[in-house]
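Just the structure for this:
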Amino acid sequence: MAQIKLPEIFQNGMIIQRNKTIKIWGEAEGTDKLRITFCGDSIFADIKEGKFYCELAAKEAACGQKLEIFADEKKEPAVVLDDICIGDIYIAAGQSNMEYYMRYDAHWNEIKQWERNDMIRMFNCKRIAYPGQNRDLPECGSWFKEHEYQWESFSAPGYTFARSIQPVIGVPVGIIGCNWGGTPACAWMGSSYLNDPPLSVLKKEYEEAVGAVDEEEMRRLSLEAWEYEDSYLHQVAWRAMMYGMNQQDQERWMAETADAPVLPLGPYHHYRPSGLYEMMLRELAPFSVKGVLWYQGESDAGHGEIYDKTFASLIRCWRDLWQDELPFLYVQLAPFGKWLGIGGEDYPVVRESQERVLKNVPGTGMISIMDLGMYEDIHPKRKKEVGERLALLARGLIYGEDILCESPEFTGGKREGNQIRLHFSHTGSKLHVNGNGINSLCVEQGGILIVVKDFKLDQDLLLNFETLTEEPVEIRFAKEGYCEVNLFNEADLPVKPFTAVVI
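Below is the predicted model of the structure:
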């Protein structure tokens, strides 16, 4: 009797990407040939060394489809997948702010009341750190819909993106959550993409860390730490942290968990270079998708000055893996002060690197959330807004709508007597400010802070001063680790951080 094994992504209730070649692969024993049928098409797949791969022609959007796999010449299918939709699929990837569960979102009580949209399907990839790891992950590894039990532990940005974009494009939308809290970008990249400077430093640091611990001791410490990580008591404690704690409660939490087992960086750690690329991402490829939603960078703050090269290399790695120039829509890091003993003082450097990726890597788009940060939490709770802004960006950059979908960007400045006029792109009819003054605006001349007397807003920002000397004027906006941006365009998207020198 034939035994056929498909990757986990192929299940009842799945979504298949429209208008792209449908790629199907897996393992088979007890048969020499398979026949796959879908949407009226039928194709044969040869089995070589127990594996098969085939491609079906691209299809238009649809619902209620069935995929069947027949072994040899048998009339009854060996595999039947029902309730398949054809639409647009996005991978929601990154670290904890993309992983961030729906149940922690500030809008969760409101979202739970929404009427179910069956045109949205979600799938969580299993978070497996090393070969053979056995974790109890009931919320992962299956396609599901809104209001099913997996929903509350799905990516809040990923889901709210789908909820916002689906009614606009009018086809089924699938979101594949492939993310893990705390992970650096290098964990999601193939090894060869980390070989050359400056990215080779990421491998070098890992090798130095591994070399400092005996192999058997590494295994013992790692398994002990994973047992603690997956324990019920730790999960309950961590849930309280993710809902949000003030600084005092965080300090008490850290004191209470100070003696907890620590996972050493090594072959059992999900942070290791290329680890999650091998264990999670490659399990998905080459399953056809529309694009990628990316929210990550916090764990790369220590190497923020090279993050543009790291992220650009990651994008190339993923596009090479899929053999598809996938669009990447990503989130610029939110403002952040202190959380669990770490700070956001290095975030401005990462944000600058993220800006360089936007300018240098085709097929990318970036949203700003400089108005959504929290001083005492690295995990801002308003993820609904994050998903909505990603959806707005997709409507403009991917689906070609003529809409205002990007944050204002500084484009130049000039003096006008005792005034300075700053120009921006993507303003709409005019800029506006929430409040009486402009937050996080710092103006210096000759190294001395000068006060803005008043300002006027239209598509430009006009700053008035009592007096200006002939020296150059340096203007910094939202360049701190934490700030509360309150300057917006017509679409209520915040002005992005910038530094300007007006001569």
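
Where does the residue nearest to residue 24 when sequence neighbours are not counted fall, secondary structure wise?
Nearest residue to residue 24, sequence neighbours excluded (CB to CB, 6 or more residues apart in numbering): residue 54, at 5.5 Å. For every residue, glycine as well, the C-beta is placed using N, CA and C. Assigned by DSSP states H and E, residue 54 belongs to strand 51-56.

Convert the C-alpha atoms of that strand to PDB, please.
Taking Å, rounded to 0.1, in the frame of the first residue of the first chain, the C-alpha atoms of strand 51-56 are listed here in PDB:
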ATOM      1  CA  LYS A  51      10.800  11.800  -3.100                       C
ATOM      2  CA  PHE A  52       8.700  13.500  -5.700                       C
ATOM      3  CA  TYR A  53       8.200  17.100  -7.000                       C
ATOM      4  CA  CYS A  54       5.800  18.400  -9.600                       C
ATOM      5  CA  GLU A  55       4.300  21.700 -10.800                       C
ATOM      6  CA  LEU A  56       0.800  22.600 -11.800                       C
END
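
Buried residues, the helix or strand following that strand. List them.
Under the assignment DSSP H and E, the closest C-terminal helix or strand after strand 51-56 is strand 62-71. Across strand 62-71, burial judged by 16 or more other CB atoms under 10 Å covers 65, 67, 68, 69, 70, 71.

Residue 32: which of those is nearest?
residue 71 (8.9 Å; CB to CB).

quick one, what contacts the closest one?
Applying CB atoms under 8 Å, 6 or more residues apart in numbering to residue 71 gives the contacts 2, 4, 28, 30, 31, 33, 34, 78.

before we move on, back to that, the strand holding residue 54 - contacts with which helices or strands?
Packing partners of strand 51-56 (3 or more CB pairs under 8 Å, 6 or more residues apart in numbering; DSSP states H and E): strand 22-29, strand 33-38, strand 41-46.

how many degrees apart are the first one and strand 41-46 in direction?
Between the direction of strand 22-29 and that of strand 41-46, the angle (axes from the mean of the first three to the mean of the last three CA atoms, to 10 degrees) works out to 40 degrees.

Of the contacts of residue 71, select the buried ones using a PyMOL command.
Applied in PyMOL, the following selects the buried portion of the contacts of residue 71 according to 16+ other CB under 10 Å:
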select buried, resi 2+4+28+31+34+78
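
Show me which of the contacts of residue 71 has the smallest pLDDT value.
Within these, pLDDT reaches its minimum at residue 2, with 86.

Leaving out the residues flanking it, which one is nearest to it?
Nearest non-adjacent residue to residue 2, counting by CB to CB, 6+ apart: residue 71, 3.5 Å away.

Tell me what the one you found is bridged to.
Beta-bridge pairing of residue 71 under DSSP bridges involves residue 34.

any idea how far residue 52 is from it?
Separation of residue 71 from residue 52 (CB to CB, to the nearest Å) stands at 11 Å.

before we move on, what about residue 346?
Counting by CB to CB - residue 346 and residue 52 are separated by 48 Å.

Give me the more crowded residue out of those two.
Applying other CB atoms under 10 Å to residue 346 and residue 52 shows that residue 52 carries more neighbours, namely 22 against 18.

Just to check, that one is in contact with residue 31?
No: with contacts defined as CB atoms under 8 Å, residue 52 does not count as touching residue 31, sitting 9.5 Å away.

overlap in contacts of these two?
Shared contacts of residue 52 and residue 31, defined by CB under 8 Å, 6+ apart, are absent.

what residues are up against the closest residue to residue 453 other than its chain neighbours?
Nearest non-adjacent residue to residue 453, counting by CB to CB, 6+ apart: residue 464, 4.6 Å away. Contact analysis of residue 464 by CB under 8 Å, 6+ apart lists 418, 419, 452, 453, 454, 455, 456.

nearest to residue 202, of those residues?
Of the contacts of residue 464, the one sitting nearest to residue 202 (CB to CB) turns out to be residue 452, at 42.0 Å.

Show the model's pLDDT score for that closest one.
Residue 452 carries a pLDDT value of 97.

number of nearby residues for it?
16.

re the thing from before, nearest to residue 84, of the helices and strands packed on strand 51-56?
It is, among those and with distance given as CB to CB, strand 33-38, at 7.9 Å.

For residue 74, report the pLDDT, please.
pLDDT recorded at residue 74 is 83.

nearest spatial neighbour of it, skipping sequence neighbours?
Nearest one to residue 74, counting by CB to CB, 6+ apart, is residue 2 at 7.9 Å.

Enumerate every residue touching residue 272.
Here residue 272 is in contact with 187, 206, 265, 266 (CB under 8 Å, 6+ apart).

Residue 500: which of these is nearest?
Using CB to CB, the contacts of residue 272 come closest to residue 500 at residue 187, 35.9 Å.

The stretch 301-450 of the chain: helices as residue ranges?
Applying DSSP state H, counting those that start in this stretch to the stretch 301-450 of the chain gives helices spanning 307-322, 347-360, 383-397.

Spell out, range by range, the strands that occur in the stretch 51-200 of the chain.
51-56, 62-71, 79-94, 120-124, 143-144, 173-179 (DSSP state E, counting those that start in this stretch).

ok, and which of the ones you listed has the densest surroundings?
Neighbour counts (mean count of other CB atoms under 10 Å) averaged over each of these peak at strand 173-179, with a mean of 27.

and the angle from the following helix or strand past that strand to helix 307-322?
Downstream of strand 173-179, the next assigned helix or strand under DSSP H and E is helix 200-211. On the basis of the same axes, to 10 degrees, helix 200-211 is oriented at 90 degrees to helix 307-322.

CA atoms only: put helix 200-211 into PDB for me.
Provided in PDB are the C-alpha atoms of helix 200-211 (Å, rounded to 0.1, in the frame of the first residue of the first chain):
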ATOM      1  CA  SER A 200      31.200  37.000   8.800                       C
ATOM      2  CA  VAL A 201      31.500  38.600  12.300                       C
ATOM      3  CA  LEU A 202      28.100  37.000  13.200                       C
ATOM      4  CA  LYS A 203      29.500  33.600  12.500                       C
ATOM      5  CA  LYS A 204      32.800  34.400  14.300                       C
ATOM      6  CA  GLU A 205      31.000  35.500  17.500                       C
ATOM      7  CA  TYR A 206      28.900  32.300  17.400                       C
ATOM      8  CA  GLU A 207      32.000  30.100  16.900                       C
ATOM      9  CA  GLU A 208      33.800  31.800  19.800                       C
ATOM     10  CA  ALA A 209      30.700  31.200  22.100                       C
ATOM     11  CA  VAL A 210      30.500  27.600  21.200                       C
ATOM     12  CA  GLY A 211      34.200  27.000  21.600                       C
END
